[in-house]
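Trainee: Sequence and predicted structure are below.
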Amino acid sequence: MSTSDDSDPIAPEDLEARLRALGEGLAVPPVPPPADVARAVRARIENSGADDRARRRAAWRPSPRVAAAAVAVLMAVLLGATPQGRAAVVSVLRFAGVEIHVGGAGPLPTGVPGPLPGERRVTLEEARRTARFPVAVPSALGEPSDVRLADGGRVVTLLWPGVRLDEFDGTLGVVWHKELGEPFPEQVGVVGGWWIPRSHGVSYVPSGGGAPREERVAGPTLIWQHKLVGLRLEGPDRAEALRIASSVR
């Protein structure tokens, strides 16, 4: 039985000769120097990053709402950079039944203020029986020289010489409205309230709704909340006001 030449084993020396001949006939591209390879790789990475950034810029197109918000923020920053701009910006602070508008305040009220709706003089005991909240008396001041009850027990006003303390429900809605120029009220952590350092316009917001009324000029005022009762203390300086407020129990 005969076999073909392809099935005959190849001697090691013949295999080596054939591989050499095959290698000489292959066309292998030249290998660039290492420095050229590094430059080429870096260029490809940088081009890829530029392409990614271009795709991200094209993909992020802000909605009209986002664009409008950005413009509003920018305008607020620009307005706040000048005195004229700051005067045109009004900030609103609502705290313990008091709404404070800061900025753009007009001239202070003139004339003699009228009484609050339904205001009448009462005893401290009657005020405590009628008011819609527990009436507190600062121990630093003692018994008030005068007590007023207004708007069906919505507001109790305690009076001492040169000192006025209004007490009211500080949880249900706005009772007092204040118009201030700059600066913004100072937050005081001792009683968790706000100190207004200068004279300002204050008006009463009726319980039945409607526009604020009985506008008058108020002096420096401390506003804070004791439990569920809103309080505004008018008359003393800051240090004395904080001492009085801290004595409310």
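Mentor: Arrived safely.
Trainee: ok, the closest residue to residue 132 other than its chain neighbours to residue 212 distance?
Mentor: Excluding its sequence neighbours, the residue lying closest to residue 132 (C-beta to C-beta, 6 or more residues apart in numbering) is residue 153, at 5.1 Å. (C-beta placed from N, C-alpha, C; glycine too.) Using C-beta to C-beta, to the nearest Å, residue 153 is found at 20 Å from residue 212.
Trainee: now residue 185
Mentor: 18 Å.
Trainee: And the two? Which one has more around it.
Mentor: Here residue 185 and residue 212 are set side by side on neighbour count (other C-beta atoms under 10 Å), and the busier one is residue 185, at 22 against 18.
Trainee: wouldn't that one be in contact with residue 98 here?
Mentor: No. With contact defined as C-beta atoms under 8 Å, residue 185 does not count as touching residue 98 (10.0 Å).
Trainee: could you show me where the strands are in this structure, in order?
Mentor: 91-95, 98-102, 120-121, 146-150, 155-160, 163-169, 176-180, 186-188, 193-196, 200-204, 213-218, 221-226, 229-234 (DSSP state E).
Trainee: Tell me if I'm right that residue 198 and residue 220 touch.
Mentor: Yes. Counting by C-beta under 8 Å, residue 198 touches residue 220, with 6.3 Å between them.
Trainee: higher neighbour count, the two?
Mentor: For residue 198 versus residue 220, the count of surrounding residues by other C-beta under 10 Å is larger for residue 220: 17 against 12.
Trainee: any chance of the strands of the chain in JSON lines, plus distance to residue 136 and mean pLDDT?
Mentor: Listed next are the strands of the chain as JSON lines, based on distance: least, C-beta to C-beta, whole Å; pLDDT from 0 to 100:
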{"stretch": "strand 91-95", "distance to residue 136": "18", "mean pLDDT": "84"}
{"stretch": "strand 98-102", "distance to residue 136": "17", "mean pLDDT": "88"}
{"stretch": "strand 120-121", "distance to residue 136": "19", "mean pLDDT": "98"}
{"stretch": "strand 146-150", "distance to residue 136": "13", "mean pLDDT": "97"}
{"stretch": "strand 155-160", "distance to residue 136": "9", "mean pLDDT": "97"}
{"stretch": "strand 163-169", "distance to residue 136": "7", "mean pLDDT": "95"}
{"stretch": "strand 176-180", "distance to residue 136": "18", "mean pLDDT": "83"}
{"stretch": "strand 186-188", "distance to residue 136": "18", "mean pLDDT": "94"}
{"stretch": "strand 193-196", "distance to residue 136": "14", "mean pLDDT": "95"}
{"stretch": "strand 200-204", "distance to residue 136": "21", "mean pLDDT": "90"}
{"stretch": "strand 213-218", "distance to residue 136": "21", "mean pLDDT": "82"}
{"stretch": "strand 221-226", "distance to residue 136": "6", "mean pLDDT": "95"}
{"stretch": "strand 229-234", "distance to residue 136": "7", "mean pLDDT": "95"}
